[in-house]
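**Student:** I would like the atomic coordinates for the input below:
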Amino acid sequence: MNKPLFRIALLSALALVAVGCQKEPQTAPAEQAAAATSPDGALMASVKLLKAGDFDGLMKNSLPPAEFAKIKADWNKDQDPITDEERQKFADTIGKLTAPDAEEKIYAEIEPQLTAFDAQYQQQIPMYVAMGSGWLQGMVQQNKDMSEESKQQALAAINALGAWVTKTRFTDPAKVKQVIAIVVKAARDLNLKSIDEARALSYEQGMEKGKTAFAAFKAALNVYGFSFDQTLDSIKPEVVSNDGKTAKIKIAYTLLGTPLTGEADMVNVDGRWYGKDTIEKIKDKAAAKAADEAATPEVAPAAESAEKPEAQG
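**Tutor:** Numbering: from 1, shown residues only. I've put the predicted structure just below:
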């Protein structure tokens with residue numbers, strides 16, 4: 001699988017649509033094609049697909065056709081060999097999660113750790129959150145590629161997340177049991193018996209499994225009062241500029257009750273709009289590959305490179 005390209009596309013798409021969504025569950029292919037002809041339409045189509053967990057549609061909407069075809073064609077290529085240790089670890093984990101009494105056994109196993117954490121660290125959570133927030137804020141302030149407005153919005157998002165973590169007791173027994181039930185159900189629904197089976201999934205199968213895992217992730221966040229869908233639903237895009245080739249979109253949204261804004265840069269490629277960051281990374285990757293190929297000397301055929309025997313006199 002072309003893992004770097006897939007990660008670039010998925011992460012860029014997620015970053016582009018990390019705020020905002022309309023309420024319809026899914027976008028039909030014809031709607032996607034029409035939406036992608038405007039920068040804000042392309043953004044909202046991707047957001048809608050993300051909310052639905054339609055990663056196949058999200059990739060198709062976020063990548064030029066040729067790059068999307070590469071991901072599908074290279075899906076199962078260049079995978080690292082699976083070790084016996086990885087096989088055993090996967091088997092142990094999936095066996096524990098899919099056992100008939102998994103929920104009860106897992107909670108019984110971690111309950112002492114939750115109690116110990118509450119006793120030792122719960123009172124110190126605000127301090128740790130402050131330290132982590134300070135570290136993230138420092139990274140934002142030192143980022144030379146961000147505008148001052150972008151920095152202020154990033155800092156506000158960090159503060160909103162920090163406030164949520166501070167007030168949320170993640171070790172609450174009732175909530176932990178809910179999350180365990182969500183994870184166990186997802187493991188059973190994924191129905192993967194071995195790591196070899198997981199690696200052998202086709203692109204289409206992988207996208208479907210990804211939808212199941214993503215739904216579980218959102219459900220687990222919901223247990224702790226973080227509605228991913230509500231954040232997506234709060235999007236309000238506004239096209240700030242559009243010259244037909246590039247566009248800038250201002251995005252207003254709400255994160256954990258805090259109103260925020262952000263910006264997204266878009267570029268037009270063959271009549272469709274894509275995230276600027278995605279297209280630039282694809283170009284950089286192609287340029288790097290071309291440079292590597294140009295720097296690699298061609299190996300002459302053995303028959304031509306071998307020394308000819310001297311004539312016998």
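**Student:** part of a helix, is residue 239?
**Tutor:** No - using DSSP: H, G, I helix; E, B strand; the rest coil, the secondary structure at residue 239 is strand, not a helix.
**Student:** Would you check that my belief about it contacting residue 247 is correct?
**Tutor:** Yes - assessed by C-beta atoms under 8 Å, residue 239 is found in contact with residue 247 at 6.1 Å. C-beta: built from backbone N, CA, C; applies to glycine.
**Student:** what's the overlap in contacts for these two?
**Tutor:** Both residue 239 and residue 247 are in contact with residue 39, where contact means C-beta atoms under 8 Å, 6 or more residues apart in numbering.
**Student:** Does residue 210 lie in a helix or a strand, and which?
**Tutor:** For residue 210, the element it lies in under DSSP states H and E is helix 203-223.
**Student:** Pull out the buried residues from the helix or strand containing residue 96.
**Tutor:** Per DSSP H and E: residue 96 is located in helix 84-98. Within helix 84-98, the residues that qualify as buried are 90, 94, 97, 98, counting by 16 or more other C-beta atoms under 10 Å.
**Student:** Pull up the gap between residue 74 and residue 203, please.
**Tutor:** Residue 74 is 9 Å from residue 203, where distance means C-beta to C-beta, to the nearest Å.
**Student:** I misspoke; the intended subject was residue 248.
**Tutor:** With C-beta to C-beta as the criterion, residue 248 and residue 203 are 33 Å apart.
**Student:** circling back to that earlier point, which secondary structure elements does the next helix or strand after the helix holding residue 96 sit against?
**Tutor:** Later in the chain than helix 84-98, the nearest helix or strand by DSSP H and E is helix 102-120. Applying 3 or more C-beta pairs under 8 Å, 6 or more residues apart in numbering; DSSP states H and E, one finds that helix 102-120 makes contact with helix 84-98, helix 173-190.
**Student:** For those, give me TSV that also has mean pLDDT and distance to residue 40.
**Tutor:** Putting those into TSV (pLDDT from 0 to 100; distance: least, C-beta to C-beta, whole Å) gives the following:
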stretch	mean pLDDT	distance to residue 40
helix 84-98	95	41
helix 173-190	96	33
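**Student:** May I see the ones you listed organised as JSON lines, with distance to residue 134 added?
**Tutor:** Formatted as JSON lines, the helices and strands packed on helix 102-120 follow (distance: least, C-beta to C-beta, whole Å):
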{"stretch": "helix 84-98", "distance to residue 134": "35"}
{"stretch": "helix 173-190", "distance to residue 134": "27"}
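**Student:** what's the closest of the ones you listed to residue 120?
**Tutor:** helix 173-190 (17.0 Å; C-beta to C-beta).
**Student:** how about the CA coordinates for the closest one, as PDB?
**Tutor:** Extracted C-alpha coordinates of helix 173-190, given in PDB (Å, rounded to 0.1, in the frame of the first residue of the first chain):
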ATOM      1  CA  PRO A 173     -16.500   3.600  36.800                       C
ATOM      2  CA  ALA A 174     -19.900   3.900  35.000                       C
ATOM      3  CA  LYS A 175     -18.300   5.800  32.100                       C
ATOM      4  CA  VAL A 176     -15.300   3.400  31.900                       C
ATOM      5  CA  LYS A 177     -17.800   0.500  31.600                       C
ATOM      6  CA  GLN A 178     -19.600   2.200  28.800                       C
ATOM      7  CA  VAL A 179     -16.400   2.800  26.900                       C
ATOM      8  CA  ILE A 180     -15.300  -0.900  27.400                       C
ATOM      9  CA  ALA A 181     -18.700  -2.000  26.000                       C
ATOM     10  CA  ILE A 182     -18.200   0.300  23.000                       C
ATOM     11  CA  VAL A 183     -14.700  -1.100  22.300                       C
ATOM     12  CA  VAL A 184     -15.800  -4.700  22.800                       C
ATOM     13  CA  LYS A 185     -18.700  -4.300  20.400                       C
ATOM     14  CA  ALA A 186     -16.500  -2.700  17.800                       C
ATOM     15  CA  ALA A 187     -14.000  -5.500  18.100                       C
ATOM     16  CA  ARG A 188     -16.700  -8.100  17.600                       C
ATOM     17  CA  ASP A 189     -18.200  -6.100  14.700                       C
ATOM     18  CA  LEU A 190     -14.800  -5.900  13.000                       C
END
